[in-house]
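**Student:** This is a predicted model, with the sequence first.
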Amino acid sequence: MTFDPVSALQDLIRLDTTNPPGNEALAINYLVDVLERHGLAHRIVAKDPSRPNLIASIRGAGNAPGLLMQGHVDVVPTAGQPWSKDPFSGDIHDGFIWGRGSLDMKSGIVMMVDALLRLAASDHEPAGDIVFAALADEEAGSEFGAKFLVNEHPDLFDGIRYSVGEFGGFPLTLGGVRFYPIQIAERSSVVFRLTIRGDGGHGSLAARGGTTARLAEVLRRLDRRHCPIHVVPPTKMMLEAMMDHLDGAQRRIIGTLLHPRTAAPTLAALRSKLGVLEPVLRNTVAPTIISSGDKVNVLPATAEVILDGRLLPGLTAKSFAAEVRDLVGEGVEVEFEAEQPTTNDEPDMGLFNTLAGIVKERDPEGVPIPFLLPAVTDGRWFARLGIQHYGFQPMKLPDDFVFQSTVHAADERISVAAVNHGADAMYDLLTRYEG
C-alpha cells in the first residue's frame with residue numbers, strides 16, 4: 001500500500017479546518033486512518049475532543065537525541081479574500097494544487113507523513129527516535145495544540161534535541177542569488193493595548209482635538225515612525241551568510257544592515273527592495289483592532305488600539321514597551337495584553353549543515369542560509385523544553401513564485417513538484433539524521 005503525498009494534500013485541503021473554530025479532528029482522523037492502514041502506532045492527546053493532536057514515533061538506535069517533525073493542521077480564514085478558485089477544492093491547475101493550507105502547512109504535514117511511512121517500511125534504523133506530531137490551533141495561539149502539549153504532556157518529547165517544521169527551505173531571490181532560508185529562530189508575539197482618553201460630549205459640538213483626533217495622530221505616528229534597529233545574533237548570521245554569496249554593490253548594501261547607524265537609512269532608501277529584511281532588524285507593531293465610541297451622537301471619551309507586536313529574540317517585552325511608548329508619544333496609556341515565549345537568540349546550529357546539505361543537493365546553484373523568521377510558529381513552545389526548532393519545509397518553486405506573499409493570502413497554492421521534492425528531502429533527513 002503506497003502513500004501519495006499529492007493526493008493526501010488534496011484530501012486535507014478539502015477538510016475545512018479554518019481556525020476559528022478549528023475542527024482539526026477532521027484532519028487528524030484522516031491522518032489516523034493513514035497511519036493505521038500502514039501499521040504505525042499512534043496516540044491522540046486532546047484538551048478538547050474536537051481539537052485533538054496526533055503523536056506517532058519510530059524507535060531509533062539510541063545513538064543520538066530524538067528528532068521531532070511537527071506541523072499544524074488548522075488554517076487561517078478565507079473570508080473576504082478574492083480567490084479565483086474554490087479555496088477548499090484541492091484541485092490541480094497548471095501543475096499547482098490550489099487551496100487554503102496548501103503552503104501553510106498541510107503540504108508540510110504530508111511531506112512528514114510520507115517520510116515517516118517510508119522510514120517505517122525501510123530497513124533503516126535511525127540514530128535517534130523520530131517523533132511526528134500533527135497539531136491543532138497553531139493559527140490562534142496553540143492553546144489546544146503545542147502549548148497544551150508542552151505544558152501538560154512534556155514527557156512526550158523527552159530526549160528530543162531538534163524539531164523541524166514551518167518555515168524554511170523555500171527559495172528567496174535577492175541580488176540575483178537564489179537563497180534558501182532555513183529558520184533557526186523566530187520573533188515572538190507581544191500584544192499591546194493603547195488607551196487614549198479625552199473629553200466626551202454631544203456629537204453636535206464642533207469638537208477639535210478630541211479623543212478621535214488624538215487617535216488619528218497616534219495611528220499616523222505608528223505609520224511613519226519605527227522602532228530602533230537591533231542586529232541580534234540570528235540576524236547577523238543570516239546577513240553575513242548572504243554577504244558571502246553576493247558581489248559588489250549588493251554585498252556592500254547588505255553590509256550596511258549589520259550596523260544600526262547605517263541600517264536605518266539603507267532600509268529607508270531601499271524599502272521596496274529590502275522590505276523583506278526589515279522585520280528581522282527591528283521590533284514591529286501593527287494596529288489591528290481599533291475601537292472608539294458606541295453611539296452616533298456622543299463624542300467618545302476613550303479610544304483603544306490593539307497592536308500586534310513582534311519582538312526580536314534576546315530582547316525583553318519591557319524594553320519593547322518603552323519603544324512603543326516612544327513611538328506613540330505622551331498621553332497614551334500602553335499596557336501588555338498578551339505575551340508569548342521567544343526562541344533562543346543563540347541557536348543550536350548542530351543540525352543546520354545537514355539540512356543545508358539536503359537543500360544544496362537538490363539545487364546546486366541555491367544557497368542555504370540561516371533565517372530569523374519574522375512571524376511565530378509552534379517552535380516557540382517547544383523551545384521551552386530546550387528543543388531547537390528549524391524551519392524546514394523544503395520547496396523548489398518557480399522563480400516568479402513569491403512564497404511570502406502567497407501564504408495566508410488569496411489563491412494560496414503549491415506546485416505538485418514542490419510537494420514531491422519536499423517529501424523526498426524530508427525522508428533524506430530521517431535517514432541521515434545523526435543527532
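**Tutor:** Structure received. On a predicted model such as this, the values are computed, not experimentally measured, just so you know.

**Student:** For Asp424, what is the enclosing helix or strand?
**Tutor:** When secondary structure is defined using DSSP states H and E, the element that contains Asp424 is helix 416-432.

**Student:** Can I get stretch 20-27 in CSV, CA atoms only?
**Tutor:** Written as CSV, here are the backbone C-alpha positions of stretch 20-27 (Å, rounded to 0.1, in the frame of the first residue of the first chain):
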residue,chain,number,x,y,z
PRO,A,20,-11.7,29.6,14.3
PRO,A,21,-13.3,27.2,15.1
GLY,A,22,-10.6,24.7,14.1
ASN,A,23,-12.4,21.4,13.7
GLU,A,24,-8.9,19.8,13.5
ALA,A,25,-10.4,16.4,14.2
LEU,A,26,-11.4,16.2,10.6
ALA,A,27,-7.7,16.2,9.5
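
**Student:** Give the buried residues for the lowest-mean-pLDDT helix or strand in the chain.
**Tutor:** Across the helices and strands of the chain, mean confidence by mean pLDDT, DSSP states H and E is lowest for helix 271-274: a mean of 80. Across helix 271-274, burial judged by 16 or more other CB atoms under 10 Å covers Leu274. Every C-beta, even on glycine, is put in place using the N, C-alpha and C of the backbone.

**Student:** Please enumerate the strands of the stretch 1-150 of the chain.
**Tutor:** For the stretch 1-150 of the chain, the strands defined by DSSP state E, counting those that start in this stretch occupy 42-46, 52-58, 66-72, 92-93, 96-98, 130-135.

**Student:** domain parsing for the chain?
**Tutor:** As assigned by automatic domain parsing, the chain contains the domains 5-175+343-432, 188-339.

**Student:** what's the model's confidence in the first one, averaged?
**Tutor:** When you say that, I think you mean domain 5-175+343-432. Domain 5-175+343-432 comes out with an average pLDDT of 96.

**Student:** how far does that domain sit from the chain's center?
**Tutor:** Its chain's average C-alpha position is 11 Å from that of domain 5-175+343-432, according to CA atoms, centre = their mean, to the nearest Å.

**Student:** so how far does it reach from one end to the other?
**Tutor:** The distance separating the two terminal residues of domain 5-175+343-432, taken as CA to CA, to the nearest Å, comes to 21 Å.

**Student:** What of stretch 383-402?
**Tutor:** From start residue to end residue, stretch 383-402 stretches across 29 Å - CA to CA.

**Student:** if we can go back for a sec, any buried residues in the helix holding Asp424, and which?
**Tutor:** 416, 418-430.

**Student:** Report all helices and strands that that helix contacts.
**Tutor:** When contacts are defined as 3 or more CB pairs under 8 Å, 6 or more residues apart in numbering; DSSP states H and E, helix 416-432 sits against helix 5-13, strand 66-72, strand 96-98, helix 106-121, helix 352-362.

**Student:** one step back: relative to Ile229, which of the strands of the stretch 1-150 of the chain is closest?
**Tutor:** For Ile229, the closest of these is strand 66-72, at 31.9 Å, according to CB to CB.

**Student:** Run through who's touching the closest one.
**Tutor:** Taking contacts as CB atoms under 8 Å, 6 or more residues apart in numbering, the residues outside strand 66-72 that touch it are 60, 105, 108-109, 112, 115-116, 126, 128-139, 145-146, 157-166, 378, 382, 387, 393, 426, 429-430, 433.

**Student:** Noted, bye for now.
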